[in-house]
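Asks: Okay, sequence plus prediction incoming.
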Amino acid sequence: MTQNLRANQNDIDTGFLQISAISTDNQIPVRNARVEIASSGLPDDTLEVVQTDQDGRTGNINLSAPPIEYSMEPTDNQPYSEYNLKVSADGYEDTIISGVQILSGEVGLQNIQLTPLVTSNQDYNPSVIGGHTLWEYYPPKIAEDEIKQSQETGEIVLSRVVVPEYIVVHDGAPTDTTAMNYYVPYKEYIKNVASCEIYATWPEQTLIANILAIISFTLNRVYTEW
């Protein structure tokens, strides 16, 4: 995700990255984790090496980013730079994340969960962040009726619109019964969708309007049980 933090004029082509590492075992911060940062285009060329503090976090790491103008209107230039992260810590499996996106003048917040080391034979399976929906081409969404009748087929019948604690994300087409269902905290879901669909460089009122639209669409999905 990204957090709004404007750089000064001299840093217009600089973005920032902040990393938070926690253990999957007990959700406590992982201190002294080693973070290696490389450009996705040159994955073997390490640009920065930092360590997490006692809270499992790094400070803001300065990284190159394209000019802010690229993200303000449609263009043939990719508006963000991409980086790979390798995170290692004593007693934990190494974690690799590819495609971390950095926008000019913004702080990219990357949360990383480290798994306690069970065996010495690690199977490296990097997590790959897909391209932003405003830049990458994705297949069109499944056509649907703009107005849908509310259903009463769930375990709890909704008599009114409510804000849920969790969102059930079906990782596939609605008709695909083999696809996994993931329970994602509501706030995390809204945050993640916003980070994938809009750029943090946009004016504040534009961000608010888009996030309200995302919230409205999500709550409609919950209420209609579609």
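Replies: Received the coordinates, thanks. Numbers count the residues shown, from 1 in each chain.

Asks: Any idea how many residues pack against L207?
Replies: 16 (other CB atoms under 10 Å). Using the backbone N, CA and C atoms, a C-beta is placed for each residue, glycine as well.

Asks: pretty sure it is in a helix, no?
Replies: Yes - under DSSP: H, G, I helix; E, B strand; the rest coil, L207 sits within a helix.

Asks: Please name the residues that touch the nearest residue to it once chain neighbours are set aside.
Replies: Nearest residue to L207, sequence neighbours excluded (CB to CB, 6 or more residues apart in numbering): I198, at 6.4 Å. Counting by CB atoms under 8 Å, 6 or more residues apart in numbering, I198 touches L134, T206, L207, N210, I211.

Asks: in this structure, which spans are helices?
Replies: Per DSSP state H, the chain carries helices over the ranges 186-197, 204-224.

Asks: Between these, which one is closest to I22.
Replies: Nearest of the helices of the chain to I22, taken as CB to CB: helix 186-197 at 13.8 Å.

Asks: relative to helix 204-224, how tilted is the closest one?
Replies: 120 degrees (axes from the mean of the first three to the mean of the last three CA atoms, to 10 degrees).

Asks: Pull out the buried residues from helix 186-197.
Replies: Y186, Y189, I190, K191, V193, A194, S195, C196 (16 or more other CB atoms under 10 Å).

Asks: got it, and stretch 105-116?
Replies: Residues G105, E106, V107, G108, L109, Q110, I112, Q113, L114 are the ones in stretch 105-116 that count as buried (16+ other CB under 10 Å).
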